[in-house]
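A.B. asks: Below are the sequence and a predicted model; questions follow.
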Amino acid sequence: MFEFDQYLGFLVIMTVMVIGFWLMIFLLTFVIPYWLGGSIIELIKEKKAAKKAQEN
């Protein structure tokens with residue numbers, strides 16, 4: 001079947017794939033929405049400040 005070094009290589013590849021999978025899930029469900037939400041809020045604040053400055 002497998003020799004020991006092949007088994008270790010398989011475990012390393014599977015570990016890297018699993019870490020990559022969970023990192024992708026974390027980025028897609030938390031980091032990217034947080035980043036987009038924050039940037040949208042900042043954009044709205046900048047537009048309000050520009051509008052207020054233009055009125056004065």
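C.D. replies: Thanks, I have it.

A.B. asks: Contacts for stretch 13-24 next, please.
C.D. replies: Counting contacts by C-beta atoms under 8 Å, 6 or more residues apart in numbering, no residue outside stretch 13-24 touches it. Heads up, the C-betas are built off the backbone N, CA and C, glycines and all.

A.B. asks: Could you give the separation of that stretch from the chain centroid?
C.D. replies: 14 Å (C-alpha atoms, centre = their mean, to the nearest Å).

A.B. asks: Mean confidence (pLDDT) on that stretch, please.
C.D. replies: In this model, stretch 13-24 carries a mean pLDDT of 98.

A.B. asks: Same check on stretch 33-45?
C.D. replies: The pLDDT scores in stretch 33-45 average 97.

A.B. asks: CA atoms of it as PDB?
C.D. replies: Extracted C-alpha coordinates of stretch 33-45, given in PDB (Å, rounded to 0.1, in the frame of the first residue of the first chain):
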ATOM      1  CA  PRO A  33     -18.100  41.200   4.800                       C
ATOM      2  CA  TYR A  34     -16.500  43.100   7.700                       C
ATOM      3  CA  TRP A  35     -14.200  44.900   5.300                       C
ATOM      4  CA  LEU A  36     -16.900  45.700   2.800                       C
ATOM      5  CA  GLY A  37     -19.300  46.900   5.500                       C
ATOM      6  CA  GLY A  38     -16.700  49.100   7.000                       C
ATOM      7  CA  SER A  39     -15.800  50.600   3.700                       C
ATOM      8  CA  ILE A  40     -19.400  51.300   2.800                       C
ATOM      9  CA  ILE A  41     -20.000  53.000   6.200                       C
ATOM     10  CA  GLU A  42     -16.900  55.200   5.700                       C
ATOM     11  CA  LEU A  43     -18.100  56.100   2.200                       C
ATOM     12  CA  ILE A  44     -21.500  57.200   3.500                       C
ATOM     13  CA  LYS A  45     -19.800  59.200   6.300                       C
END
